[in-house]
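In: return atomic coordinates for the entry below.
(one chain, ligands or ions: 3)
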Amino acid sequence: MTLIAVLAGDGIGPEVTAQARRVLEVVAPDLTYEEGLVGGAAYRQTGHPLPEATLALAERADAILFGAVGDPEFDGLERALRPEQAILGLRKSLGLFANLRPARLFEGLEDASALKPEIARTIDLVIVRELTGDVYFGDKGRDLTPAGLRVGHDLMRYDEEEVARIAHVGFGTARTRRGRLLSVDKANVLETSQLWRDVVVEVARDYPDVQLAHMYVDNAAMQLVRDPGQFDTIVTGNLFGDILSDQASMCAGSIGMLASAALGETGKGLYEPIHGSAPDIAGQGRANPCATILSAAMMLRHSLGRGDDADRIEAAVARAISEGARTADLGGSLSTEAMAERVLAGL
Ligand SMILES: NC(=O)c1ccc[n+]([C@@H]2O[C@H](COP(=O)([O-])OP(=O)(O)OC[C@H]3O[C@@H](n4cnc5c(N)ncnc54)[C@H](O)[C@@H]3O)[C@@H](O)[C@H]2O)c1
Ligand SMILES: CC(C)[C@H](C(=O)O)[C@@H](O)C(=O)O
Ligand SMILES: [Mg+2]
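Out: Ligands and ions are numbered 1, 2, ... in the order given. Next up, the predicted model:
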């Protein structure tokens, strides 16, 4: 039995995961699903955003299909109890340190991209984002200065093993693509980034077939809009990867199109759209389910060894898009459900 933990979460999370599951049920009818509470939805019922039972389910499952967490109702809660802590806790507890975030322009989606069509057409990259370190997981706190001013701090920190293991994923990924790896950092200012760069250069010795380059993150953000076609595989830290992937999504048409895989040392992975719970459109049936459907495809490929089924889903999304299926974020008027139906029809 292959068990999929479905953690739908908050806002549009349940809307988009329901549609991804419909697609999975057609392509891989033998999978078994078990749902778990997560995020604000879990806090409301249990007083914690990541209940023990959910973590146990995630540990037991072969893979996790995740929607999104985050609910403005809980914005005032102390950090440890906020819905977002659930996804951070899952990534950390399960050792999911490598986050693959591919961005490519589906044929016909030029009109939705923030870029000129001829530039948009060139985007085909993957961001390999480190996911369990950096300012996200360094020491945090609040203090007072001697003068009584309030201070907030988050330590940016990486050790060499953390950098080396994500660098290996970066090089390994580049090898399966066009053989070019760009390491993005801020080594002109940050000590963390200088270590990052040193270690990436050391790891590069194991991959003579991959061409390595470095770029500062501010330049990378600019180049992503100017000429995204120059990028193949980008390896970067947790915070830079978070920001660059949202930016890349709009180059490729919409944040509603970008999938992700969070992977560790074992075959288990957590698969989620890169977007959040989108409280501004939640409950309206307007969310684009493609990012989650494509995340389900990544799950079949990376955790379940079913690359052919993943290809089938990706081709069906491509077909639906090329035939003009569009949710509101893509300039159309299809509902979440109707968009998924167009994907199902394309299978
Ligand atoms: N992994 C996660 O669970 C995750 C990721 C990002 C943000 N969040 C959380 O989500 C909440 C909202 O955050 P935000 O507004 O900054 O980011 P967001 O990604 O939820 O939304 C940003 C904008 O993109 C739109 N959008 C997002 N997904 C869409 C989709 N599938 N279809 C159409 N439009 C879509 C939204 O309507 C909104 O206008 C916050 O609580 C945040 O912390 C969670
Ligand atoms: C919700 C938040 C913790 C999360 C992150 O920053 O990793 C989100 O923005 C993402 O991209 O998955
Ligand atoms: Mg993000």
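In: for the protein, what spans make up the helices?
Out: 13-27, 40-46, 52-60, 84-93, 117-120, 160-175, 191-204, 217-226, 238-251, 290-302, 307-322, 336-346 (DSSP state H).
In: what about the residue in the stretch 201-347 of the chain that ligand 2 sits nearest to, how many neighbours?
Out: Proximity of the stretch 201-347 of the chain to ligand 2 (C-beta to the nearest ligand atom) peaks at Asp242, 4.4 Å away. Heads up, the C-betas are built off the backbone N, CA and C, glycines and all. Per other C-beta atoms under 10 Å, the neighbour tally for Asp242 reads 18.
In: just the pLDDT at Glu34, thanks.
Out: Per-residue pLDDT puts Glu34 at 98.
In: can you check Ala213 too?
Out: 98.
In: pull the contacting residues for the residue of the stretch 201-347 of the chain closest to ligand 2.
Out: By C-beta atoms under 8 Å, 6 or more residues apart in numbering, the contact set of Asp242 is Arg129.
In: around ligand 2, pick out the residues from the protein.
Out: Gly70, Glu84, Ile87, Leu88, Asp242, Ile274, Gly276 (C-beta under 6 Å from any ligand atom).
In: count the neighbours of the last one for me.
Out: Looking back up the chat, that one is Gly276. 21.
In: doesn't Ala68 make contact with it?
Out: Yes. With contacts counted by C-beta atoms under 8 Å, Gly276 reaches Ala68, the gap being 4.9 Å.
In: what touches both of these two?
Out: Contacts common to Gly276 and Ala68, judged by C-beta under 8 Å, 6+ apart, are Gly11.
In: and the residue of the chain most remote from its centre, what pLDDT?
Out: Distance to the chain centre peaks in the chain at Ala147, reaching 41.6 Å (criterion: C-alpha atoms, centre = their mean). In the predicted model, Ala147 carries a pLDDT score of 97.
In: report the separation between it and ligand 1.
Out: Separation of Ala147 from ligand 1 (C-beta to the nearest ligand atom, to the nearest Å): 33 Å.
In: now do stretch 82-90: distance to the chain's middle.
Out: Relative to the centre of its chain, stretch 82-90 is centred 14 Å away, using C-alpha atoms, centre = their mean, to the nearest Å.
In: residue boundaries of the strands in the stretch 1-150 of the chain?
Out: Using DSSP state E, counting those that start in this stretch, the strands found in the stretch 1-150 of the chain span residues 3-9, 32-35, 63-68, 98-104, 124-130, 140-144, 150-154.
In: which of these sits most buried?
Out: strand 63-68 (a mean of 28; mean count of other C-beta atoms under 10 Å).
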